[in-house]
Structures are given as C-alpha cells and as structure tokens.
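Novice: Quick one, fold the following:
(chains A and B)
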Amino acid sequence: MQISYRPGNGLLYRLHPMVKGAIAFSAIVFFSINSLGLAMMSATVAVMLLGCRFSDVDLTEIFMSVRRILLLLVIVGLIQGLGADGFSVTAAGAAMMRILGVFLVAGVYVTVSSQSELTFFWEVCFRPLGLIGLPARELALIMVIAVRFFPVILGEIDRIRMAQVARGAKLDSGGLLASATALMPLMIPTLTQSIIRAGELALAMEARGYRVTEQRTRYQRFKFSIIDFFAVLIPVLLFALLLKPFFDSAF
Amino acid sequence: MFDKLELKNLTVRYGSHVLLKELCGSFSRGHINLIVGRAGSGKSTLLRVLAGFHKEYDGSIEADGANFEPSGNISLAFQNPEALFFNGTVEDEVGYALKMRKLNRSEIEPVARAWLQKWGLNPERCWNNHPLELSGGEKRRLALAACTIFMPPVVLLDEPLAGLDAKGQRALAELLAGMTSEHIVIVVTHEPEILLEQSGSLLFLHSIGSRWLKPAEFLRESLIDRNFFPLPEWYCNAVGQFAQSSDLPPIRAEAVYRFIKSRECKHADQL
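Specialist: Coordinates of the predicted model:
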C-alpha cells in the first residue's frame, strides 16, 4: 500500500489548497526546528492525529508506511541519543518524534490534497519567481509530477522485482546485507525506466494539448470559506511558537 | 523436474473479496495445462499465486506431494511482454537468468544465442538491440526465451498468443507443446482453440464455481451452451448440430472438414 490521494469530504479536505499547503509547510518546519521536549511533541502529534480522525482522513496507509522509515528512525534515535553524558532516551525519542511528525504531516497532506490542489499550491508558491524570468508554472509542475511519481517509481521497482523473480532470481533470500546487495540490480533498471516514463509523460501531455508557453485557464476554481479563515490560525500559531524564543531573548 | 503440481482447497482473496473458492485439482507434465475463463475470473491471479507473488490465499500448493516453493522453480511470462524487460540489450535480457546462476559471460553467450534461435529470433540481428526496439511478436518471443532459458520446472504463461499472427500462434503452440516433456506448462488464454489439441486438461474459472474439464468436454459444453464460453462462430456453425458427439474435432478447419465429411458419409450409408 502506498500513500496517495484518497477522496473524502472531511474538514481537512474542504480547506482551500493554499491553507492546506500553509498548514503542512508550517507543521513540517515546526516539527523540524522546534525546541519543545518529547512530551510536548508527542502531544502535538496526538492532537494532529486526532484532528485527522475527526476529519475522516484514512490513516491506515500512512501508519502502514511508517514501517518503511523504521530503520531511519532507529538510526537517528541512536545518533541523537548519544551525548557526552551517555545515552539519553528523551533526546533520542524527541529526534525520532521530529522525523515521525514530518512524515505524518507529509502523509496526511498528500492524502487530503488532489493533483489539481497540489498544482495550484505550488503554482502560487512559485509565482514570485516569474517576476525574475523563471518558468514558475513549469517549476510547479515539476514539483507535482515528482510527488506524484513516487508511487509510479515504487510500482516500477515492484515490476522489475517481479520480472527478476519470474526468471528465477531469489532477491529475498539471505540476511540484511544479502537483501541490500540483491536490491542493487534494481536501481539501474528503475532509473532507466523512470527516464523512459518521463519521456512518455511529456509526449502524453503534449498529445493532450499541453504547451509550455500557452496561457492556461483553470477549470477548478478554489474559494476561501469561513473555515479557511479559522484554519489560517494554525500556521500563524505554529510560527508564533517557533519565533517565541527569539522574541523572549530580544526583549 | 516435477511431474505434478497440485492445488489443495485453494481459496484466493483480494482483501475481503473471495476470487477463487476451494480450488482442488492438479497440473501435470506431458501436456499443456490451460486456464480459461472470462475477464476478471481470476486467471492471472491464479498464476500470480502459483508464482508466489500473491500471498492472500488459504489452502496449499504441492509439487509431487511436497510443499511447493515457487522461488527459483518457476518462470512467469506476463501478459504484456514489455513488463518483463529491464535490461538494456537483448543479450542481457535473455542471459539474465543464467547470470543469476553465476555463469560467466563466455558460458552464457552460446547458450543464449542458441535459445533465441530456438524461439525463432535471429541473434545476429537483435543481439545488441534494446528489447523495446523489437516488434510485438519478437518481444513476446524474447520474453518467452528469457523466461525459459534456465529450464524452470514450472512455466507459467499469461496470454502467450496475444498479439501474434496466425502463423506465429501456430509456431508458438508447437514450441509450447515441445516444452511439456520437461516442464509443467500452465497457460492462461482467451484463445484456447489454438492450444486445445495439445492440452490434456483445462481449468475453467467461473464466478459460480471452477471446473476441471477434458478438452472434449469443454468443446461440448461450449457448443451446447453458447454462454459457457464463446468458441469461434464458424466452428459452432459447422459442428453445432453434432454437439453431443463423443468425437468432436479440434478447432482446426482441416479437422472439422474431415469430421463433417465422415458424418455425411455415415448419413449417406444410413440412407
């Protein structure tokens, strides 16, 4: 199972794409650089998950995907936990909670945002770059395609793995090192196939009338609603929490 | 080499949906084993179960009485041959399975060239080509060559005849029939008529229940009930009136012609 957009009608789904993006961005920044302890961060994650639950967001796939980063969590926990005074469980837990928080926020954001909402958000974010002559819309499109290509690439890895097993290769035998070594032959074909796919995608988009230089109209129009005005308070609050130590030290 | 692959109470699921229920029966060496059914009846899924790719099932699969371990014992040629290709050249593609078996390049090359020839491809012409540069029929042949070069005991083929012209289909049917002495060949197909003559058993998958049939039984059922399986129109028109006959001819114009002639003679004798 892979994290991907799941249509829904909960509160989070109904937010304006800009607000959704702002919440996700601020939450990722918050989890990355806040100075809260393990308990407070755990509480924040719990509140976030509770909010998602009330908003009918299907968290099954996100939870299932956590196991993919388990090794990363353990490594980060071990490195961060080791200090001059020995191993600190709290420091290790806080570091792990940071990564878990970022992962969960990104997972929920991708789950509740459709392709058009993601494109819209990135287009607006990149719009200022257009002022200095950069192709803002195309940069946004690159970002969206990159995000959307993850499941495709994972599918491609599965396909190549099956093609290899279908010819008698035993990729899953042996220990951790053997499994890692066995994955190496997957890498080059996956990269090659990704480049081929990118070419095919470009052709498919052009065949459907997409042109880089043409002025585009938008079929779906997003409007701010009363909920969005309240939801904007979340990123404001998160950034305020982040900036509080600076203000405290300044005044 | 296995003689028999046996399914014991095999129930295959997709989540909560039961696709195949309590399937019992066996595939054996010596003839082509066909799996037939309408789209969505679970043919390809059954192949994936046998190949070890689909794990959501109850029951067991046994090879010659012992638990069947698919890894290293099967080869599976997908419906779309392009899905099998992940190497840059035909040489690497066909030699991959041997490379995995630790053979060196000098050992692989002569075997791979001979194997390509066996499957009707000219190695001189395509050796250094990218697999995707080949024609549709050539891609299918390459996929089959790449899947069988390491002589797996069980060969699983998903729609191997699709996209080939009539001549190519006949040639391939002969090649597949030739493989049955050394491999258990299991073929999923929508066109059983081409392989029916070489097949000894046929697994008919259906939502209301799956059945193992002899080729003649399959022909008879299909002629009596046209909704059972759509046989070629010309065959139904030609032999439909003899549906109850015990010696129905294979779906081949020449055989049908002889069959009709013999019936006419019999009819004339009776007059």
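
Novice: which helices and strands does the helix or strand where B:Glu174 lies pack with?
Specialist: For B:Glu174, the host element (DSSP states H and E) is helix B:166-179. Judged by 3 or more Cβ pairs under 8 Å, 6 or more residues apart in numbering or on different chains; DSSP states H and E, helix B:166-179 is in contact with helix B:136-148, strand B:184-188, helix B:192-195. Any C-beta I mention is one placed from the backbone N, CA and C, and that applies to glycine too.

Novice: Run the chain-centre distance for stretch B:45-55.
Specialist: 15 Å (Cα atoms, centre = their mean, to the nearest Å).

Novice: so how far is chain B from the most centrally placed residue in chain A?
Specialist: Nearest residue to the geometric centre of chain A (Cα atoms, centre = their mean): A:Ala106, 3.3 Å. Using Cβ to the nearest Cβ, to the nearest Å, one obtains 26 Å as the distance from A:Ala106 to chain B.

Novice: try A:Lys223
Specialist: 37 Å.

Novice: again, but for A:Val147
Specialist: The value you get for A:Val147 to chain B, if Cβ to the nearest Cβ is used, is 24 Å.

Novice: any idea which helix or strand carries that residue?
Specialist: Using DSSP H and E, A:Val147 falls in helix A:136-165.

Novice: Just the buried residues of that helix, please?
Specialist: Neighbour-count burial for helix A:136-165, counted by 16 or more other Cβ atoms under 10 Å in any protein chain shown, picks out A:136-137, A:139-141, A:143-145, A:147-148, A:156-157, A:159-165.

Novice: Work out for me the element A:Leu129 sits within.
Specialist: helix A:115-130.

Novice: what's in contact with that helix?
Specialist: A:5, A:17-18, A:20-21, A:113, A:134, A:136-137, A:139-141, A:143-144, A:147-148, A:218-220, A:222 (Cβ atoms under 8 Å, 6 or more residues apart in numbering or on different chains).

Novice: in that helix, what's buried?
Specialist: So for helix A:115-130, counting by 16+ other Cβ under 10 Å, buried means A:117-123, A:125-126.

Novice: pLDDT and distance to B:Ser199 added to those, as JSON lines?
Specialist: Listed next are the buried residues of helix A:115-130 as JSON lines, based on pLDDT from 0 to 100; distance: Cβ to Cβ, whole Å:
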{"residue": "A:Glu117", "pLDDT": "86", "distance to B:Ser199": "53"}
{"residue": "A:Leu118", "pLDDT": "84", "distance to B:Ser199": "51"}
{"residue": "A:Thr119", "pLDDT": "79", "distance to B:Ser199": "52"}
{"residue": "A:Phe120", "pLDDT": "84", "distance to B:Ser199": "56"}
{"residue": "A:Phe121", "pLDDT": "87", "distance to B:Ser199": "57"}
{"residue": "A:Trp122", "pLDDT": "83", "distance to B:Ser199": "56"}
{"residue": "A:Glu123", "pLDDT": "81", "distance to B:Ser199": "58"}
{"residue": "A:Cys125", "pLDDT": "87", "distance to B:Ser199": "61"}
{"residue": "A:Phe126", "pLDDT": "85", "distance to B:Ser199": "60"}
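
Novice: For these, which two are the farthest from each other?
Specialist: The span of the buried residues of helix A:115-130, defined through Cβ to Cβ, is set by A:Glu117 and A:Phe126 at 15.1 Å.

Novice: What distance do you get for the residue in the stretch 101-250 of chain B that chain A sits nearest to to A:Met97?
Specialist: Among the residues of the stretch 101-250 of chain B, B:Phe150 lies closest to chain A, at 4.9 Å counting by Cβ to the nearest Cβ. Between B:Phe150 and A:Met97 the computed distance is 49 Å (Cβ to Cβ, to the nearest Å).

Novice: most packed of the helices and strands packed on helix B:166-179?
Specialist: The highest mean neighbour count among the helices and strands packed on helix B:166-179, using mean count of other Cβ atoms under 10 Å in any protein chain shown, belongs to strand B:184-188: a mean of 26.

Novice: Direction included, what does it pair up with?
Specialist: When pairing is defined by DSSP bridges, strand B:184-188 lines up against strand B:32-37 (parallel), strand B:154-158 (parallel).

Novice: buried ones in the lowest-mean-pLDDT helix or strand in chain B?
Specialist: When each helix and strand of chain B is scored by mean pLDDT, DSSP states H and E, helix B:253-270 comes last, with a mean of 78. Using 16+ other Cβ under 10 Å as the test for burial, helix B:253-270 gives B:256, B:259.

Novice: Residues of chain A that sit close to chain B?
Specialist: When proximity is defined as Cβ under 8 Å from any Cβ of the partner chain, chain A approaches chain B at A:159-160, A:162-170, A:172-173, A:189, A:192-193.

Novice: While we're on A:Val29, how confident is the model there?
Specialist: According to the prediction, A:Val29 has pLDDT 90.

Novice: wait, it sits on A:Leu241?
Specialist: No - counting by Cβ atoms under 8 Å, A:Val29 does not reach A:Leu241; the two are 10.7 Å apart.

Novice: Put the alpha carbons of the least confident helix or strand of chain B into CSV.
Specialist: Only the C-alpha atoms of helix B:253-270 are listed here, as CSV (Å, rounded to 0.1, in the frame of the first residue of the first chain):
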residue,chain,number,x,y,z
ALA,B,253,-10.5,-26.1,-40.4
GLU,B,254,-9.0,-29.3,-41.8
ALA,B,255,-10.1,-31.5,-38.9
VAL,B,256,-13.6,-30.0,-39.0
TYR,B,257,-13.8,-30.6,-42.7
ARG,B,258,-12.9,-34.3,-42.2
PHE,B,259,-15.3,-34.6,-39.3
ILE,B,260,-18.2,-33.2,-41.4
LYS,B,261,-17.3,-35.4,-44.4
SER,B,262,-17.3,-38.5,-42.2
ARG,B,263,-20.7,-37.6,-40.8
GLU,B,264,-22.1,-37.0,-44.3
CYS,B,265,-20.7,-40.4,-45.4
LYS,B,266,-22.3,-42.0,-42.3
HIS,B,267,-25.6,-40.3,-43.1
ALA,B,268,-25.4,-41.4,-46.7
ASP,B,269,-24.7,-45.0,-45.6
GLN,B,270,-27.8,-44.9,-43.4
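
Novice: and that helix, what does it pack onto?
Specialist: Looks like helix B:253-270 contacts helix B:233-239 (3+ Cβ pairs under 8 Å, 6+ apart).

Novice: Can you pull out the residues in contact with the helix it packs on?
Specialist: Contacts to helix B:233-239, defined as Cβ under 8 Å, 6+ apart, come from residues B:193, B:223, B:226, B:245, B:248-249, B:251, B:256, B:259-260.

Novice: Recalculate using a threshold of 10 Å.
Specialist: Contacting residues not belonging to helix B:233-239 are listed as B:193, B:219, B:222-223, B:226, B:230-232, B:240, B:243, B:245, B:248-253, B:255-257, B:259-260, B:263 [Cβ atoms under 10 Å, 6 or more residues apart in numbering or on different chains].

Novice: Quick one: distance of it to the chain centre.
Specialist: Using Cα atoms, centre = their mean, the offset of helix B:233-239 from its chain centre is 24 Å.

Novice: Just the buried residues of it, please?
Specialist: B:235-236, B:238-239.

Novice: for stretch B:37-54, same thing?
Specialist: For stretch B:37-54, by 16+ other Cβ under 10 Å, it's B:37, B:41-54.

Novice: that older thread, more neighbours: B:Phe150 and A:Met97, which one.
Specialist: With neighbours defined as other Cβ atoms under 10 Å in any protein chain shown, B:Phe150 and A:Met97 compare such that A:Met97 has more, 22 against 19.

Novice: The more buried one is in contact with A:Val45, isn't it?
Specialist: Yes - look at A:Met97 against A:Val45 with Cβ atoms under 10 Å: they come within range, at 6.6 Å.

Novice: Now do the shared contacts for the two.
Specialist: A:Phe31.

Novice: Backbone torsions only: list them for B:Ala66.
Specialist: Dihedral pair for B:Ala66: phi -110, psi 160, per degrees, to the nearest 10.

Novice: Could you do B:Asp225 as well?
Specialist: phi -120, psi 100.
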